[in-house]
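# Here is a sequence with its predicted model. Questions after.
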Amino acid sequence: MAKKVSITDSPLEEVKEEKKKSSMVLSVKQASAICQGYITEINRSERYNEDNPLARDALFETVQELIAQRTQIGNSDQFHNFAAALGGNGFDSLACDVLDCGLERFPMNVDLLADYLIYGIDCERLDKCAEYFSTLKSIEKSEWTWRCFAFSIIYVNRLRDSFATNIEERNRYKKKVSELARAYKKYLPFEEGGYRETAKLMAKKPEAMLKLLNDALSNDIIGSCPTCAFEKAEILFKQKKYEEAREAINRSLDDSINQTQGGVKENYLLFLRGLCEYALLLQDIRAGKPIRDEIVLSIYADFNKALRELDETYRIKIRIRTQDIVEDTKIQVPDDMERLLDLIDY
């Protein structure tokens, strides 16, 4: 059994202890660093199916200590980063507490307002979400960032799924999303997001969707298009156009290199590329073509990397596909691909 990690083992606890000994106000940056240590410990425990109530309690206490202070030391970016670290790890309510605190100091900050929409809707702080969305909409869209458009669209879609009770209400929400997507494209023409969100509105018309995605991918003024390429790859994969899907996946992976936020799920893309290569391999086998070792090994390599972070559904698919490939090709998984070997349980 894995050794249970104590919060006192963390060097970040020393930061908190030093803060307690002094009369200094806990800054947002300090609180974020301390809480990131607790989150790391909680996640480590969960990997071994263990709970860590000490770290969890300390996490909640630190956030409450911060927001209870009369004086806050930190800028809007630090409030955003702290909330994103909490919300990104499933602590939506705590993220909202931090954002409420930040919005008291920066009541018209568009990123903090947008952040609240995605974390608040998940922990059912609906009144606050409505209030902050109203504030955000009162600000000129020329001042909006990509988060404002993208998170507003997510928020309105969640409202539609949760509260629309008839076709008319659903259509009203869909109209709002369409307006937001068009504004996204208009006010942030150098971003791919407006194209992506507009394309999603055409989900039942894949050819029209592909045309719009291709417009973004061929637009020289857009620096990179990882998510548009991702959407294109998924459509082509479903259409069994595996070579084209593989090209789109490679484009998405290449373009995601310089993306520090709002990017794509690279592990899923590697999984999808492995499936494309597997489908093409099967076509070659059925056509009587010789099996190329390097193709098989590239599939194993993609699957092995993808296993760094995939849920159980995809892990099962990788295990089955890998076992099929070994049986069909007689090419074994190399010893240095430990994640994949462990999965197929040699």
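Yes, it's here.

# Low-confidence regions, the stretch 151-300 of the chain specifically.
260-263 (pLDDT under 70).

# quick one: the helices in it?
All helices of the stretch 151-300 of the chain, identified by DSSP state H, counting those that start in this stretch, fall at 167-187, 193-200, 206-217, 226-238, 242-255, 266-286, 293-306.

# want to try JSON lines for those, with distance to residue 154 and mean neighbour count as columns?
Heads up, the C-betas are built off the backbone N, CA and C, glycines and all. As requested, the helices of the stretch 151-300 of the chain are exported to JSON lines (distance: least, CB to CB, whole Å; neighbours: other CB atoms under 10 Å):
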{"stretch": "helix 167-187", "distance to residue 154": "10", "mean neighbour count": "16"}
{"stretch": "helix 193-200", "distance to residue 154": "10", "mean neighbour count": "23"}
{"stretch": "helix 206-217", "distance to residue 154": "19", "mean neighbour count": "17"}
{"stretch": "helix 226-238", "distance to residue 154": "14", "mean neighbour count": "23"}
{"stretch": "helix 242-255", "distance to residue 154": "20", "mean neighbour count": "20"}
{"stretch": "helix 266-286", "distance to residue 154": "19", "mean neighbour count": "19"}
{"stretch": "helix 293-306", "distance to residue 154": "25", "mean neighbour count": "19"}
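
# closest to residue 93 out of the ones you listed?
Nearest of the helices of the stretch 151-300 of the chain to residue 93, taken as CB to CB: helix 167-187 at 25.0 Å.

# ok, residues contacting that closest one?
For helix 167-187, the external contacting residues (CB atoms under 8 Å, 6 or more residues apart in numbering) are 141-142, 144, 146, 149-150, 152-153, 156-157, 159-160, 163-164, 191, 193-195, 197-198, 200-201.

# rerun at 6 Å
Helix 167-187 is contacted by residues 141-142, 149, 152-153, 156, 160, 164, 193-194, 197-198, 201 when judged by CB atoms under 6 Å, 6 or more residues apart in numbering.

# Among the helices of the stretch 151-300 of the chain, which comes closest to residue 322?
Nearest to residue 322 among these is helix 293-306; the distance by CB to CB comes to 6.0 Å.

# quick one: contacts of the closest one?
By CB under 6 Å, 6+ apart, helix 293-306 touches 267, 270-271, 273-274, 277-278, 281, 318, 329, 331, 333, 337, 339-340.

# can you give me how far it is from the chain middle?
Centroid separation for helix 293-306 versus its chain: 24 Å, with CA atoms, centre = their mean, to the nearest Å.

# sorry, back to before: now, among the contacts of helix 167-187, which is nearest to residue 24?
Here the nearest of these to residue 24, counting by CB to CB, is residue 152; it sits at 37.7 Å.
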